[in-house]
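Chemist: quick one: sequence and predicted model below, then my questions.
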Number of protein chains: 2
Amino acid sequence: MSNDTSVKSTPKKADNTEKLTKDEKIYQQIYTAIVDHQLAPDTKLPEDALAESFNVSRTIIRKVLLDLSHEGLVTNAPKRGARVSRPSIKEGKEVFEARRIIEVATLPVVIHKINEVSLKLLKDLNNQQLAAQKAQDIKKAIRLSGEFHLELILTSENDSLYDYLRKLISRSSLIVAVFGSTQQHLPSCQGHSKLLELISQNDVEQSQKWMNDHLIDIEASLDFSEPNKTNPDFKKLFSD
Amino acid sequence: MSNDTSVKSTPKKADNTEKLTKDEKIYQQIYTAIVDHQLAPDTKLPEDALAESFNVSRTIIRKVLLDLSHEGLVTNAPKRGARVSRPSIKEGKEVFEARRIIEVATLPVVIHKINEVSLKLLKDLNNQQLAAQKAQDIKKAIRLSGEFHLELILTSENDSLYDYLRKLISRSSLIVAVFGSTQQHLPSCQGHSKLLELISQNDVEQSQKWMNDHLIDIEASLDFSEPNKTNPDFKKLFSD
DNA sequence: TAAAAATATTTCGTATACAAAACACATATT
DNA sequence: AATATGTGTTTTGTATACGAAATATTTTTA
C-alpha cells in the first residue's frame, strides 16, 4: 500500500470510525498481539503463514513486517525472516533513559500549553487506570498508563516528539515482557494523581522531579540482572 | 529485502567498506539526493521511472520509498505515489523544538561519558567544518555540522536517541531547503569550538545554554514567514 | 554411534502480470 | 467560455511465479 497512515505518524484520538485499509488492519492486529504479550519475543513470523491466516498475499505481509520493524517491535534478519524483537538489556536501559530525557524535558512545554480539556482527559485516564489496578487487571493498567504518558506529551503539540514517544512506549511493553520480574512490583499505586496535581499548580520543577522518579521506579521494577534468555548458558545448564 | 540494515537503526562509523545490498545502495543515493537538495520538495518519485533508472523492479523501489517515508524524507499518499516531503511551517518548528529538547537534555550524559577519542573526532569535524565555511562550501559545512551533532550524541551511547536525532537532522536539511532564507545568514561562524571548550571543562550548565542558543540561532536563520509554496495563492497571483 | 556430506524442503528475495484507481486530455453540454 | 462528461493513458496496489539462500532431513562415512 505504501501509504504512511499505517505508520501512525500523526497523533490522533481513538477515532475508530475511520476506515482502515487491509494492511493497516493487519498491522494493528499484529501490533496489538505483540504489545499485549500474545506473541512472545523471538516468535518467528513467517510470511507464508501470516499471509495465509490473513488471506492476503505475502506482498502485504512483507509491508506490514517492514512497518513493524520500523516501530522496533519486529526484527528482520536478511534471508531468515522476521521475529518479534527481544530487547537486550542495553536496549531496555536505553529506552528508559530516552523516555526520561524526553518526558522530563517536555514537561515545561506541556505545562505551558495544557488546557482544561486535556487535563480532564488525563484525569479520566488516571481514574480508569486506578480502577484497573484495583481490579487486578494489570495488563489494562499498563496499557492505560502508556496512554496517559502519550496523552500528556500530546499536549506539547509536537507530532515528532509524540511519534517518538509512542515508539518508546511500544518498546517498553516488549521490555516488560522480557525483563518484567514475576512478582510484579507494580509501581505507582497512586498512578499519576500526584503528577496531575503538580501540573495543575504549574510546578515545573517538582513535576520534572516526579516524572524522573516515576520512570526510574518503573525501570527499577524490571529485572535486568538475568542473562539474556536468547543465548541459554548450556555449560551451566548441563554441568552435572 | 526486508532487512533492517537499510534503516540504519544502529549507529556506526562511516565504514564504507561494508557491503551494501542493492536496495541499500539505492536508498543511500536517493537519501543523499534529497538531503543535498538535488531533489527538491514535492518532486514526484514515480516507481516506474526510478525502477528503470536503477535497473531493478518496482518491488525494490517500493521498499526503498517506504523506508524513506519512515525517515520522513518522502511522503506517500495512497494511490497517488511518493514525493519528496515538503515540511510545513509547523513541522519545521517542531523539528527544531525536538532537537533542542533532545540535544540539550542529553548533554549531561554526553559530558559524563565522553572520552579523548570522541573529543578528538569532534575537534576534527569542527575543523573540517570551519575550513569548509572559509572555502564558502556551504553545503559541506552544513553536512559536517550535522555530523558533529550526531557524533556528539553518539557518545551518549544510546542507540535509540541517536537514531531519532539522525532523523531529525535529515529532516532539518529538508527544512533548510524549504525555509532557508536566500541571504544565507550563516549562523555559527565559530562553528562548535566554544561548545567543545565548555564540554572539555565539564561545564554542563553552560554547555546546555550554548546548545540551546545555537539551535535557536539556526532556527532564526530560517524564514518561516512566507506562505507555503505548495498552495500558491492564485487569487493574488492572477489579480489584474 | 556420531559427525559429516548430500539431498530435500521450506522460506525468503525479486521480477512480473494484471486489476483498479488516478490522471490527462478531448469532447460534449449549459 | 466555463464546467461537466467521457475516454484513453499512466501509475499504483496486489497476487503470483520462480530462483536462491537457509533450514531440515536423510544418507554416508569414520
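Modeler: Cool, the structure landed.

Chemist: the residue of chain A found nearest DNA strand D: how many residues sit nearby?
Modeler: As assessed by CB to the nearest atom of the strand, DNA strand D sits closest to A:S57 within chain A, at 3.0 Å. Just so you know, the C-beta spots here come from the backbone N, C-alpha and C atoms, and that holds for glycine as well. Burial measure for A:S57: 11 neighbouring residues, criterion other CB atoms under 10 Å in any protein chain shown.

Chemist: who touches it in this structure?
Modeler: Shown here is A:S57, whose contacts under the criterion CB atoms under 8 Å, 6 or more residues apart in numbering or on different chains are A:A51.

Chemist: next one: A:L168
Modeler: With contacts defined as CB under 8 Å, 6+ apart, A:L168 is in contact with A:V95, A:A98, A:R99, A:I102, B:S160.

Chemist: from B:P87, how far off is the fourth one?
Modeler: To B:P87, A:I102 is 21 Å away according to CB to CB, to the nearest Å.

Chemist: and what of the last one?
Modeler: When CB to CB is the yardstick, B:S160 and B:P87 sit 23 Å from each other.

Chemist: okay, those two: which has more neighbours?
Modeler: When neighbours are counted by other CB under 10 Å, B:S160 and B:P87 differ, and B:P87 comes out ahead with 23 against 20.

Chemist: just checking, that one is part of a strand?
Modeler: No - following the definition DSSP: H, G, I helix; E, B strand; the rest coil, B:P87 is coil and is not counted among the residues of a strand.

Chemist: need phi/psi at it.
Modeler: Note on B:P87: its backbone torsions stand at phi -60, psi 140 [degrees, to the nearest 10].

Chemist: which residue packs closest to it, ignoring adjacent ones?
Modeler: Counting by CB to CB, 6 or more residues apart in numbering or on different chains, B:I175 is the residue found nearest to B:P87 once chain neighbours are left out, at 5.0 Å.

Chemist: from what I see, that neighbour and B:K90 are in contact.
Modeler: No - when contacts are counted by CB atoms under 8 Å, B:I175 is not listed as touching B:K90 (11.2 Å).

Chemist: who's more crowded, those two?
Modeler: For B:I175 versus B:K90, neighbours defined as other CB under 10 Å are more numerous around B:I175 (27 against 12).

Chemist: what comes up buried for the helix or strand hosting that one?
Modeler: B:I175 is located in helix B:159-179, with elements delineated by DSSP states H and E. Neighbour-count burial for helix B:159-179, with 16 or more other CB atoms under 10 Å in any protein chain shown as criterion, is recorded at B:159-179.

Chemist: chain center to that helix, what's the gap?
Modeler: On the basis of CA atoms, centre = their mean, to the nearest Å, the separation between the geometric centre of helix B:159-179 and that of its chain is 4 Å.

Chemist: stretch A:59-77 now?
Modeler: The chain centre lies 16 Å from the centre of stretch A:59-77; the measure is CA atoms, centre = their mean.

Chemist: residue boundaries of the strands in chain A?
Modeler: Listed in chain order, the strands found in chain A under DSSP state E are A:44-45, A:74-77, A:81-84.

Chemist: so for A:K235, what's the pLDDT?
Modeler: As summarised for this prediction, A:K235 has a pLDDT of 48.

Chemist: could you find the closest non-adjacent residue to A:L215?
Modeler: The shortest distance from A:L215 to any residue that is not its chain neighbour, by CB to CB, 6+ apart, is 4.8 Å, and that residue is A:R100.

Chemist: so who does the one you found touch?
Modeler: So, once contact is read as CB under 8 Å, 6+ apart, A:R100 ends up touching A:M211, A:N212, A:L215, A:I216.

Chemist: got a list of what the residue nearest to B:P87 touches?
Modeler: B:I175 makes contacts with B:P87, B:E91, B:G92, B:V95, B:F96, B:L222, as judged by CB under 8 Å, 6+ apart.

Chemist: look at A:E116 and say how many residues are nearby.
Modeler: 7.

Chemist: next up, the contacts around the nearest residue to A:P108 once chain neighbours are set aside.
Modeler: Spatial nearest neighbour of A:P108, excluding adjacent residues (CB to CB, 6+ apart): A:V204 at 5.2 Å. The neighbours of A:V204, taking CB under 8 Å, 6+ apart as the test, are A:L107, A:P108, A:I111.

Chemist: now, which of those residues lie within helices?
Modeler: Among those, the members found in helices (DSSP state H) are A:L107, A:P108, A:I111.

Chemist: mind giving me the ChimeraX command for buried ones among those residues?
Modeler: To isolate the buried subset of these in ChimeraX, counting by 16+ other CB under 10 Å, use the following:
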select /A:107,111
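
Chemist: JSON lines for the ones in helices among the contacts of A:V204, including distance to A:R83 and pLDDT?
Modeler: Rendered in JSON lines, the data for the ones in helices among the contacts of A:V204 read as follows (distance: CB to CB, whole Å; pLDDT from 0 to 100):
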{"residue": "A:L107", "distance to A:R83": "36", "pLDDT": "98"}
{"residue": "A:P108", "distance to A:R83": "40", "pLDDT": "98"}
{"residue": "A:I111", "distance to A:R83": "41", "pLDDT": "98"}
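
Chemist: using CSV, lay out the ones in helices among the contacts of A:V204 together with distance to DNA strand C.
Modeler: Formatted as CSV, the ones in helices among the contacts of A:V204 follow (distance: CB to the nearest atom of the strand, whole Å):
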residue, distance to DNA strand C
A:L107, 42
A:P108, 42
A:I111, 42
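
Chemist: the ones in helices among the contacts of A:V204: which ones sit near DNA strand D?
Modeler: If you filter those for contact with DNA strand D, counting by CB under 7 Å from any atom of the strand, you are left with nothing.

Chemist: as JSON lines, the ones in helices among the contacts of A:V204 with distance to B:D23 would be great.
Modeler: Putting the ones in helices among the contacts of A:V204 into JSON lines (distance: CB to CB, whole Å) gives the following:
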{"residue": "A:L107", "distance to B:D23": "41"}
{"residue": "A:P108", "distance to B:D23": "42"}
{"residue": "A:I111", "distance to B:D23": "45"}
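
Chemist: low-scoring stretches of chain A, by residue?
Modeler: By pLDDT under 70, the weakly predicted segments of chain A are A:1-19, A:182-188, A:226-240.

Chemist: what about the closest residue to A:L45 other than its chain neighbours, neighbour count?
Modeler: The spatial neighbour of A:L45 that comes closest, neighbours along the chain excluded (CB to CB, 6+ apart), is A:A82 at 4.4 Å. Burial measure for A:A82: 27 neighbouring residues, criterion other CB under 10 Å.

Chemist: flag every residue of chain A that's near chain B.
Modeler: Counting by CB under 8 Å from any CB of the partner chain, the residues of chain A lying close to chain B are A:1-5, A:7, A:9, A:21, A:62-63, A:65-67, A:69-70, A:72, A:75-78, A:82, A:91, A:94-95, A:97-98, A:101-102, A:104-106, A:109, A:158-161, A:164, A:168.

Chemist: got the contact list for the closest residue to A:S156 other than its chain neighbours?
Modeler: Taking CB to CB, 6+ apart, and ignoring the residues beside it in sequence, A:S156 has A:V109 as its nearest neighbour in space, at 4.4 Å. Counting by CB under 8 Å, 6+ apart, A:V109 touches A:S156, A:N158, B:E97.
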